[in-house]
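The sequence and its predicted three-dimensional model are supplied below.
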Amino acid sequence: MTVDSKTPSPETAGPARPAARRKVDRAGLIGGLLLLVIMVAGYLLTRGWDHSAAVFPRGITLAGAVLSGLLVLRSVIAPSPKKETTEDELEDDLDYVFHTADLPTWVVTLAWFTGFFVALYVIGLFATALVFTVLYLRSQDNRSWLFSGTYAAVLTGVLVLVFNVVLTQPVPAGLIGPEQRQSGSFEGETIELVVPFDPGGGYDQYARQLAPALAEELGAKTVKVVNEPGAGGLVALNGLVSATPDGTTIQLLNMTGTLGGALAEARGVEYEPEKFSYVGQITTEPDVAITAQTGPIDTYAELVAAAEKGGLRSAATGPGSNEYIDPLVLDQVLGIDNEIVTGFGGSDEAALSLLQGNVDVYSRSLSSQLSTLESEDGTPVLVLGSERLEQYPNVPTILEVAQGEEAKKLAQHHVDILESGRTIAAPPDMDPERLEILREAFEKVATDPEFQEAGAEAGRPIVFKDGASVQTEVAELMNAPAEYVDILKAAFDGV
């Protein structure tokens with residue numbers, strides 16, 4: 001038998017050597033662990049986000065976490081075998097670079113890494129992408145300014161398109177799950193604050209003052225004011241009933257009209273006030289009945305005397321409004337007989353009619369009367385509220401002049417409804433956690449001294465009441481005396 005001299009015989013070969021253990025890929029292990037930590041942290045961060053805004057980041061970070069975990073396992077269990085590499089290939093060999101990098105290289109790498117995340121926190125994703133792309137291509141890849149700038153601009157444009165257009169579109173209900181916005185914060189969401197009247201009025205001004213401050217407090221993308229006039233606010237109120245109860249649609253309510261319409265069972269009312277989710281009251285004020293400064297009536301006593309002689313005329317913009325309910329209350333509760341004149345194009349036209357002497361008295365909210373009073377064109381004769389006005393201490397309240405227990409009871413209920421004020425409400429059956437977030441944010445805004453000062457300077461004072469208290473009061477006010485309900489029904493029927 002021929003024996004190959006290069007092959008040792010069993011007798012001379014000696015004991016077999018154990019197979020060399022494969023070394024752990026330390027570069028892959030450390031890199032994989034770092035990426036895994038980042039991806040898991042990113043996924044946990046999205047837990048407080050709105051579902052539609054978080055679905056894409058969650059998918060990316062979850063996929064990244066899985067791939068990073070696989071990289072860690074591969075680095076430990078099955079590292080890539082070493083192979084012969086040329087000098088040109090060594091620069092791209094991660095393991096080689098990891099083992100041979102000197103201190104300056106590590107410092108530069110960590111500086112890039114740290115700087116990126118610091119910039120991400122300070123100036124945001126888009127600015128960071130633009131700046132770091134240009135710097136990296138210039139310093140590390142020796143690209144021209146033109147190429148670096150163009151590449152960075154295109155990349156940033158794509159990011160803006162994805163995050164501001166694609167990801168802000170709501171996910172269709174049921175596509176991912178049934179409870180898409182039922183918990184968590186309002187971070188990054190768009191909220192609509194509906195005003196049930198035309199732009200430019202007092203309600204609109206309150207809403208536009210509130211919107212940016214509330215958006216900032218909630219961390220929302222924006223709180224957008226949407227005017228939805230129609231049928232004295234009834235169109236918007238009915239719309240609130242059917243809105244998604246996730247807090248992204250809220251409304252500034254005229255509580256007098258809201259409660260009055262429901263109590264009167266007015267035509268077209270499809271809501272139940274006690275079922276709305278109340279966020280809080282932004283202001284409250286009494287109504288004030290005024291006369292023309294040039295007219296014959298300067299006091300409440302003279303108003304009563306004029307009514308007794310007959311011919312007293314009250315202005316009102318239309319059935320169901322405060323301006324229509326107040327004269328009926330004067331008639332039914334105080335015995336002041338008066339004819340209600342309607343058909344005006346708006347409150348300003350009704351006020352002008354008073355000053356021209358076409359009507360004798362006009363009652364509406366204090367803030368709406370202020371310009372006429374401050375110009376001394378009008379004279380206050382009665383406060384439909386619980387307290388006298390500081391600036392007009394000699395003008396009595398309706399509670400003072402009401403005679404008899406029954407009249408005082410009706411007057412008190414009317415005052416309570418008037419002073420329920422202007423309130424922010426969300427749709428019925430809202431998730432308690434989301435509602436509480438809204439309430440807390442609204443309270444912080446409404447009680448902020450700077451916000452209150454700005455409101456006072458604009459002639460729109462802030463009088464805050466928490467949502468839970470409003471919820472309780474609404475339930476009580478809906479339990480109105482039958483006589484008061486009859487007054488409201490007459491007001492809404494235009495009797």
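Happy to help now that I have it. Residues are numbered from 1 along each chain as shown.

how far out from the middle of the chain is the stretch of helix or strand Gly149 belongs to?
Using DSSP states H and E, Gly149 sits within helix 145-161. Counting by CA atoms, centre = their mean, to the nearest Å, helix 145-161 is centred 33 Å from the centre of its parent chain.

same deal with stretch 392-406?
Distance, centroid of stretch 392-406 to centroid of chain: 40 Å (CA atoms, centre = their mean).

Run through who's touching that stretch.
With contacts defined as CB atoms under 8 Å, 6 or more residues apart in numbering, stretch 392-406 is touched by 286, 288, 300, 329, 333-334, 373, 380-389, 408, 410-412, 414-415, 483. For glycine as for every other residue, the C-beta is placed from the backbone atoms N, C-alpha and C.

Name the residues of stretch 223-239 that are buried.
Using 16 or more other CB atoms under 10 Å as the test for burial, stretch 223-239 gives Val223, Val225, Asn227, Glu228, Ala231, Gly232, Gly233, Leu234, Ala236, Leu237, Gly239.

Among the contacts of stretch 392-406, name the ones in strands.
Val288, Pro380, Val381, Leu382, Val383, Leu384 (DSSP state E).

Gln218 contacts Ile437, correct?
Heads up, residue 218 is Leu, not Gln. Yes. With contact defined as CB atoms under 8 Å, Leu218 reaches Ile437; the gap is 7.3 Å.

Find the residues that touch each one of those two.
Joint contacts of Leu218 and Ile437 (CB under 8 Å, 6+ apart) are Ser185, Phe186.

Same drill for these two, tell me which one is more crowded.
Leu218 (23 against 19; other CB atoms under 10 Å).

And for Glu192, the neighbour number?
By other CB under 10 Å, the residues close to Glu192 number 16.

related to what we said a few turns ago, what mean pLDDT does whatever helix or strand comes next after the helix holding Gly149 get?
With elements assigned by DSSP H and E, the helix or strand that comes after helix 145-161 is strand 190-195. Throughout strand 190-195, pLDDT has a mean value of 95.

what does stretch 243-255 give?
Stretch 243-255 comes out at a mean pLDDT of 94.

Then stretch 150-161?
Mean predicted lDDT for stretch 150-161 stands at 82.

Next: stretch 43-60.
On average, stretch 43-60 scores 63.

What separates the first and last residues of it, distance-wise?
End-to-end distance for stretch 43-60, by CA to CA, to the nearest Å: 9 Å.

Check the spacing between Asp431 and Gly69 real quick.
34 Å (CB to CB, to the nearest Å).

I meant to write Phe116 there.
Distance of Phe116 to Gly69, given as CB to CB: 23 Å.

Any buried residues in stretch 244-251, and which?
Quick answer for stretch 244-251 (16+ other CB under 10 Å): Pro245, Asp246, Gly247, Thr248, Thr249, Ile250, Gln251.

my bad, stretch 466-474
In stretch 466-474, counting by 16+ other CB under 10 Å, buried: Asp466, Gly467, Val470, Gln471, Glu473, Val474.
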